[in-house]
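# structure for the following, please:
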Amino acid sequence: MDKQNTTRINRAASPGFSFLFSLIPGGGHMYLGMMRRGTELMAIFFASIFIVTVALGLSEIGVPLFIITFFYSLFDAQHINKAIRRGEIVQDQNIFFKKDYGLNGYHYGLIAIVLGLMFLFNRLERLLSDLMPYGLYYIIQRSFTPLIIIGLGLYLLLKSSKDSKSQKLDQSSSKIED
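Have a look, this model is predicted:
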């Protein structure tokens, strides 16, 4: 167990203050001493408001992400507070950026490229709308994000199927050796 992740926990946290701070996603976690988890939730919450909804104009993604992050943070902080009051050992762990997911610089690079393309498309909106017929521009504009999400989903499916096949091959070769 990582001692650093358990020593900063606020064991004297008030349930009332925990709830009040939880109204800002990540705030309740920070009050409980879980800075890593709180910072991550707060960043995702405000990113869903600013980047996705305001800057990119993708409210169909931003609003559900905003709502899910808000309620997850609220209930998670309350459950963690109860666990702390029961005397359970609680660790401050990342929620989304875990090493278990197998994400590395390559994956973060893909995410950066996708976000960059979305920002670029948003910035070039006026120029593109002048260069092409409105109907075609509107179709491209409304289809860009869903196509990127579908492409990302296909990539993840293909990657997971390759990983599962290689694991099966490794298991079968180890059984043969035994």
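# need the next SSE after the lowest-mean-pLDDT helix or strand in the chain, C-terminal direction.
None of the helices or strands of the chain scores lower by mean pLDDT, DSSP states H and E than helix 4-7, at a mean of 52. Later in the chain than helix 4-7, the nearest helix or strand by DSSP states H and E is helix 15-22.
# show me what that following helix is packed up against.
Packed against helix 15-22 by the contact rule (3 or more CB pairs under 8 Å, 6 or more residues apart in numbering; DSSP states H and E) you find helix 27-31, helix 59-85. The way it works is simple: take the backbone N, C-alpha and C, and place the C-beta from them, glycine included.
# ok, and what's touching it?
Applying CB atoms under 8 Å, 6 or more residues apart in numbering, the contact partners of helix 15-22 are 27, 28, 29, 30, 31, 32, 73, 74, 77, 78, 81, 85.
# list the buried residues of it.
By 16 or more other CB atoms under 10 Å, the buried positions in helix 15-22 come out as 18, 21, 22.
# ok, the residues you listed vs residue 9, which is closest?
Distance to residue 9 across the buried residues of helix 15-22 (CB to CB) is lowest for residue 18, with 12.1 Å.
# nearest to residue 145, of the contacts of helix 15-22?
Residue 145 has its nearest neighbour among the contacts of helix 15-22 in residue 73, at 24.7 Å by CB to CB.
# wait, what's in contact with that closest one?
Neighbouring residues of residue 73 by CB under 8 Å, 6+ apart: 22, 25, 26, 28, 29, 41, 45.
# pLDDT at the residue nearest to residue 37 when sequence neighbours are not counted, what is it?
Among residues not flanking residue 37 along the chain, residue 29 sits closest, at 4.7 Å (CB to CB, 6 or more residues apart in numbering). For residue 29, the pLDDT comes out at 89.
# same question, residue 77
At residue 77, the model reports a pLDDT of 90.
# now it: how far from residue 88?
Separation of residue 77 from residue 88 (CB to CB, to the nearest Å) stands at 15 Å.
# neighbour count for the two, which is higher?
Per other CB atoms under 10 Å, whichever of residue 77 and residue 88 has more neighbours is residue 77, with 28 against 9.
# ok, now which ones touch that one?
Shown in contact with residue 77 (CB under 8 Å, 6+ apart): 18, 19, 21, 22, 28, 29, 31, 32.
# closest to residue 108 out of those residues?
Taking CB to CB as the measure, residue 108 lies nearest residue 29 of the contacts of residue 77, at 23.2 Å.
# residue contacts, that closest one?
Applying CB under 8 Å, 6+ apart, one finds that residue 29 lies in contact with 22, 35, 37, 38, 41, 73, 76, 77, 80.
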